[in-house]
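Novice: Take a look and give me a structure for this.
(one chain, ligands or ions: 2)
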Amino acid sequence: AVPVALVAGLSRAAHFGVLIKGAGALETMANIRTLILDKTGTLTDGQPRIVSMDSHLGMDEDELLRLAAALEQASKHPMAQAIVAAARTRGLSLPVPSEVTEVPGEGVAGRVEGRVVLVGGHGFVSDRVERTAVEHPALAAGAVLVAVGIDGQLAGHLIMADPLRDGARDMLSSLRGQGVKRILLATGDRREVAERVTQGLGLDGIRAGLTPDQKVLLVLTEHKRGPVMMVGDGVNDAPALAAADVGVAMGARGAAASAEAADVVLLVDRIDRLGAGMEIAHGARRIAL
Ligand code: ADP
Ligand code: MG
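Specialist: Numbers count the residues shown, from 1 in each chain. Ligands and ions are numbered 1, 2, ... in the order given. The predicted structure is shown next:
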């Protein structure tokens, strides 16, 4: 039978909006050595804003946004949702895309009104269009960039701002105080962006440009040093969440696949609740032993 203290811990955590899917996960939470954090939608707000747009082929900005947003209707990525919302705010009506394929964490491709549209990271789009000379200055500056390809050409860039979540700093110091020795960032995004957004947080390392498989590999490598907690929100995080000793999903706005793969789901959209959940885990284990 599961000790009463652990059951009580599970229900206390649930009151804080931290759904822990079993006594095993609660116990392991009190033993975590390494924390691995996803960036977009986990450490950052995941409700980015379009700061500016650059159209490279002389296409009207609204038209660039309209075609990009039409395609992004098919994606659950936080960038996609922000781009669709921005287009609606401008009163643009969005046609339904067809033949859509998504590479999780990289971007989407499909057809909009007969045109071939690509939206995603700079690398994803530039690999799939005719080579162009565009070296966007914002790339080096570490801005979050979404590239748009239309009919085989790099048609433009959307420059996005995706700030740190409120409570991210508190969460990190709470977890450090509870015995977490090593904190790493694991992102599908570019290193420049990851470095800029985590500046001053005192992380122990950044792993950028990772595919979903590479996130899994990182979890398994870190596991050799001790129990690993991985926190993520996206479809691209689901395999790594499953591979971690404790996988934590940002459940409120994250992908359903990540919530299913996780051992712990944050039902409220607040990263600082992870610190509270861990305190409860420590308390419950002290009483249970
Ligand atoms: P993280 O691993 O930090 O959560 P993601 O891998 O989810 O980050 O996203 C990293 C980058 O991938 C984004 O900054 C963006 O450039 C690109 N990206 C992935 N999917 C999309 C999409 N559907 N629309 C726009 N950009 C996307
Ligand atoms: Mg993410």
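
Novice: Excluding chain neighbours, give the residue nearest to residue 245 in space.
Specialist: Spatially, and ignoring its direct neighbours in sequence, residue 245 is nearest to residue 227 (4.2 Å; CB to CB, 6 or more residues apart in numbering). For the C-beta atoms, the positions are set from N, CA and C on the backbone; glycine is no exception.

Novice: swap that for residue 138, sorry
Specialist: Computed as CB to CB, 6+ apart, the closest residue to residue 138 that is not its neighbour in sequence is residue 159, at 5.3 Å.

Novice: mean confidence for the one helix or strand that neighbour maps to?
Specialist: If you go by DSSP states H and E, residue 159 is part of strand 153-161. In this model, strand 153-161 has a mean pLDDT of 94.

Novice: thinking again about what came up before, pretty sure the residue nearest to residue 138 contacts residue 48?
Specialist: No. At 10.0 Å, residue 159 does not count as touching residue 48 under the criterion of CB atoms under 8 Å.

Novice: can you list residues touching both of these two?
Specialist: By CB atoms under 8 Å, 6 or more residues apart in numbering, residue 159 and residue 48 have these common neighbours: residue 144.

Novice: Residue of this protein nearest ligand 1, please.
Specialist: Taking CB to the nearest ligand atom as the measure, the point where the chain comes nearest ligand 1 is residue 188, at 2.3 Å.

Novice: can you count the residues close to that residue?
Specialist: 25 (other CB atoms under 10 Å).

Novice: Looking at residue 159 and residue 48, which one has more neighbours?
Specialist: More crowded of residue 159 and residue 48, by other CB under 10 Å: residue 48, with 24 against 18.

Novice: Can you tell me which helix or strand of this protein has the lowest average pLDDT?
Specialist: Lowest on mean pLDDT, DSSP states H and E among the helices and strands of the chain sits helix 137-141, with a mean of 72.

Novice: Show me which positions of the longest helix anywhere in the chain end up buried.
Specialist: When the chain is scanned for its longest helix (criterion: DSSP state H), the result is helix 273-288. Within helix 273-288, the residues that qualify as buried are 273, 274, 275, 276, 277, 278, 279, 280, 281, 284, 285, 288, counting by 16 or more other CB atoms under 10 Å.

Novice: And for stretch 138-147?
Specialist: So for stretch 138-147, counting by 16+ other CB under 10 Å, buried means 138, 139, 142, 143, 144, 145, 146, 147.

Novice: give me every residue that touches the second one.
Specialist: Residue 139 makes contacts with 122, 145, 190, 192, as judged by CB under 8 Å, 6+ apart.

Novice: Quick check: the two most widely separated of those residues?
Specialist: Between any two of those, the greatest separation by CB to CB is 10.6 Å, found for 122 and 192.

Novice: From the centre of this structure outward, give me the first residue you hit.
Specialist: In the chain, the residue lying closest to the centroid (CA atoms, centre = their mean) is residue 40, at 3.4 Å.

Novice: Doesn't it lie inside a strand?
Specialist: No. Assessed by DSSP: H, G, I helix; E, B strand; the rest coil, residue 40 does not belong to a strand; its assignment is helix.
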